[in-house]
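J.: give me a 3D structure for the following:
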Amino acid sequence: MELQKTGIKELDELIGGIPRGSRNLLYGPPGTGKTVFAMQFLWEGLQNGETVSFDVFDRPWTHMRRYFQSFGWDIEPYEKKGQFIPIQAFPHYKEYPRDPYVRYFSLADFDEMQRIDLELSEKGVSRFVAGDNFEHIFTQLNEEQWMNIEHWTINWCHYDNMTNIDIMTQAKQKDPVTNRLMDFTFSLAHNIFLFRVVEVNGHFQRQLRIAKMEGVSHPLDWIPFEITANGIKLLIPADI
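T.: Sure thing, here's the model as predicted:
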């Protein structure tokens, strides 16, 4: 099984990387490090000469570009070379100029989504991240449409050997529809990373846990980590 390094040194030493072609969920409350994890994964791919893509749901792409830069990850040269392909499902208003490197589309346009996905396959994308998307699911899609997208994505990852990461913010109040869709999404994931913030000895600490991972040896304990100027650094206890 081919493993792709995450770029998080301590995690790669612990598990070897993420299985290529897998569907991965990063799940937890806001502010727990999910997006930084995904960004670091994409940056690592760029450093290995891979072509990557990011479908942003929860913020405009100009903001994400600055977010990458804040860690010293300058993605603009890779955008210009076509090695980093940004996709924007976040609402975009005609009054504001469109970025020349961004593919814009609506979640409700399944045909356009498929067209863009196949374009990414043709360009040899090996790592794909979809930003936090639950708000858009419940405002734009019905259950059948969401299940369609989930099944399409699984096939897309599998047959094109593209590793997919979905960032999902933990829902505080879950109605029956939310519960059904979340259960469905979790059941299809190959690998699940949970994130949280807890108080330890009077200080708050970010932690992650590998709740599920196929074909890779991994611990089940919560692992503390920090977000540094260079990205995520795991603080692995001696007994793991």
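J.: secondary structure element for the nearest residue to A189 once chain neighbours are set aside?
T.: Counting by CB to CB, 6 or more residues apart in numbering, A189 lies nearest to L25, which is 4.6 Å off, once chain neighbours are set aside. Every C-beta, even on glycine, is put in place using the N, C-alpha and C of the backbone. Assigned by DSSP states H and E, L25 belongs to strand 23-28.
J.: list the neighbouring strands of that strand plus their orientation.
T.: In the sheet containing strand 23-28, its partner strands are strand 163-169 (parallel), strand 191-200 (parallel), by DSSP bridges.
J.: quick one: D58 from V129, how far?
T.: In this view, D58 and V129 are 12 Å apart by CB to CB, to the nearest Å.
J.: between these two, which is the more surrounded one?
T.: Neighbour count, other CB atoms under 10 Å: between D58 and V129, V129 has more, with 24 against 18.
J.: what segments of this structure are helices?
T.: Defined through DSSP state H, the helices belonging to the chain, from first to last, are 9-15, 34-47, 61-69, 76-81, 110-122, 134-140, 143-160, 176-188.
J.: most tightly packed of those helices?
T.: Among the helices of the chain, ranked by average contacts under mean count of other CB atoms under 10 Å, first place goes to helix 34-47 (a mean of 22).
J.: follow-up on the earlier one: for the helices of the chain, which has the smallest mean pLDDT value?
T.: The stretch with the lowest average pLDDT out of the helices of the chain is helix 134-140, scoring a mean of 56.
J.: coming back round to it: okay, now the residue nearest to A189: neighbour count?
T.: L25 sits with 22 neighbouring residues when counted by other CB under 10 Å.
J.: just grab the bridge partners of it for me.
T.: According to DSSP bridges, D166, I192 are recorded as the beta-bridge partners of L25.
J.: all good on my end, thank you.
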